[in-house]
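Enquirer: The following block contains a protein sequence and its predicted model.
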Amino acid sequence: GQLGNGETGEYFISANKLAFANATKFERRSNFAYLPSDIEHSNNKMEESKKIIPLPNSSDIRIGSISCGKNHTVAIEAPIQHKSQPSRVFTWGCGGYGVLGHAVQADEYTPRLVGTMTGAMFQNNNPIRAEAGAHCSMILTENGHVYYCGKHRSVGEATMRPTLVDALANNMHVVKAVSGGNQSVFCATSNGVTVSWGMGLTGELGYGANNPKSSSKPKFVEKLDKCLVTDVACGYGHTLFLIRDEDEEDRAEYKKVKMIESSDLNDFVTKMTN
């Protein structure tokens, strides 16, 4: 369901051999769907129905943020002026580990509304940014709150619906950047705090060579303390950051971070090839 076209793409090439159709060109997706029972404020008589139905005026929906995981996609509707409801969140693709946020491990072949990200709670806290790890999804809101679903560690239970990362929200942290990797998640806040959690076998969590390589809860990345990270990107086994450089205070902080020199890279290549 990664293509979001409503089909599995399966077809037989022989009596006992199955293949899958690929997309060879860009195609606009204008079919968005929802489950009436997912929308708490809905008065639809089909409330008890388990049938996914098309959203009215699907062709008018514009996407403002989108991100892809290993086999799924999460997208946020672009904000519209004078609109009474918050931007809607849609997911589709492989639903393993609850990564799509619908409380079930089921694939979705059409972009489907995430019902728990609607309603009065988000009226003044609009979803603005979508991020996906390999098997997890994160939604960042205007107030700097992060909602998470899926699983990014090899141990523990999956989170089946978008759930507030309360370790940050309850301590008044305003998140400005978020990203997910293969088994890692990063959040950077407005007051120069960067946290990560998950599995970091190759050091991607940023805790340092002699420190633990995993964390089940958000943990401070001490080397980036007081550095204002404006953006973060997680790869399969590494993490990259953009650090603000606008004044002397910014420069004083980021200069404390160790720089990678060409000699370091040469040593690394030598070590990996021997």
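Expert: Ah, there it is. Numbering: from 1, shown residues only.
Enquirer: Could you verify that Y97 is part of a strand?
Expert: No. Counting by DSSP: H, G, I helix; E, B strand; the rest coil, Y97 is not found in a strand; it is helix.
Enquirer: Measure how buried the closest residue to K226 other than its chain neighbours is and give me the count.
Expert: Of all residues not flanking K226 in the chain, G192 sits nearest, at 4.3 Å (C-beta to C-beta, 6 or more residues apart in numbering). To be clear about C-beta, it is placed using only N, CA and C from the backbone, and glycine gets the same treatment. For G192, the neighbour count with other C-beta atoms under 10 Å is 17.
Enquirer: Going along the chain, name the helices of the protein.
Expert: 166-169, 248-254, 262-273 (DSSP state H).
Enquirer: quick revisit: contact partners for the residue nearest to K226?
Expert: 224-229, 253 (C-beta atoms under 8 Å, 6 or more residues apart in numbering).
Enquirer: Filter the residues you listed down to the ones in strands?
Expert: If you go by DSSP state E, the contacts of G192 have V229 in strands.
Enquirer: For this structure, which residues score under the pLDDT cut-off?
Expert: Filtered on pLDDT under 70, the chain yields the residue ranges 40-49, 82-83.
Enquirer: rewinding a little: could I have the ChimeraX command that selects the buried members from the contacts of G192?
Expert: Here is the ChimeraX command that selects the buried residues among these (16 or more other C-beta atoms under 10 Å):
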select :224,227,228,229,253
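Enquirer: and of the contacts of G192, the nearest to F186?
Expert: Each of the contacts of G192 was scored against F186 by C-beta to C-beta, and V229 proved nearest at 8.5 Å.
Enquirer: Find the residue closest to I52 in space, skipping its chain neighbours.
Expert: Among residues not flanking I52 along the chain, A33 sits closest, at 4.7 Å (C-beta to C-beta, 6+ apart).
Enquirer: Identify the residues contacting the one you found.
Expert: If you count contacts by C-beta under 8 Å, 6+ apart, then A33 has 52-55, 58, 110-113 around it.
Enquirer: what is it paired to in the beta sheet?
Expert: A33 has the following beta-bridge partners by DSSP bridges: P54, R112.
Enquirer: Next, count neighbours for L55.
Expert: By the measure other C-beta under 10 Å, the count of residues near L55 is 18.
Enquirer: quick one, phi/psi of the closest residue to it other than its chain neighbours?
Expert: Leaving aside its sequence neighbours, L55 sits nearest to F32 (C-beta to C-beta, 6+ apart; 4.6 Å). Note on F32: its backbone torsions stand at phi -120, psi 140 [degrees, to the nearest 10].
Enquirer: so F32 makes contact with F90?
Expert: Yes. F32 is within contact range of F90, at 6.1 Å (criterion: C-beta atoms under 8 Å).
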